[in-house]
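Q: sequence-free structure coming up:
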């Protein structure tokens, strides 16, 4: 099974971005401000 796209909603975007990039070794592709929140796009390194 291969997951191509999924959304994960989080309470703390900074903490989630650190987890995905530092722990899971994902690569941040986009980080777009959207008012009080933002759209962060991470992808697997492989």
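A: Everything's here; your move. Bear in mind that the values here come from a model prediction, so they are computed numbers and not experimental data.

Q: from here on, contacts and neighbour counts on C-alpha atoms
A: Noted.

Q: I'd like the average pLDDT over the helix or strand hosting residue 33.
A: Element membership for residue 33 (DSSP states H and E) is strand 27-34. Mean pLDDT, strand 27-34: 93.

Q: that strand - contacts with which helices or strands?
A: On a contact count with 3 or more CA pairs under 8 Å, 6 or more residues apart in numbering; DSSP states H and E, strand 27-34 meets strand 37-43.

Q: tell me the buried residues in the strand it packs on?
A: Residues of strand 37-43 classed as buried by neighbour count (16 or more other CA atoms under 10 Å): residue 42.

Q: quick check: angle from that strand to strand 27-34?
A: Using axes from the mean of the first three to the mean of the last three CA atoms, to 10 degrees, the inter-axis angle of strand 37-43 relative to strand 27-34 is 170 degrees.

Q: which residues touch strand 37-43?
A: Residues outside strand 37-43 that contact it (CA atoms under 8 Å, 6 or more residues apart in numbering): 17, 20-21, 26-33.

Q: go again with 10 Å.
A: Strand 37-43 is contacted by residues 4-5, 7, 12-14, 16-17, 20-21, 25-33 when judged by CA atoms under 10 Å, 6 or more residues apart in numbering.

Q: now swap in stretch 9-16 and tell me
A: 8, 17, 19, 22, 37-40.

Q: distance between the ends of it?
A: Stretch 9-16 has an end-to-end distance of 9 Å (criterion: CA to CA, to the nearest Å).

Q: what is the spatially most central residue of the chain paired to in the beta sheet?
A: Nearest to the mean C-alpha position of the chain, counting by CA atoms, centre = their mean, stands residue 42 at 4.0 Å. Judged by DSSP bridges, the bridge partners of residue 42 are residue 28.
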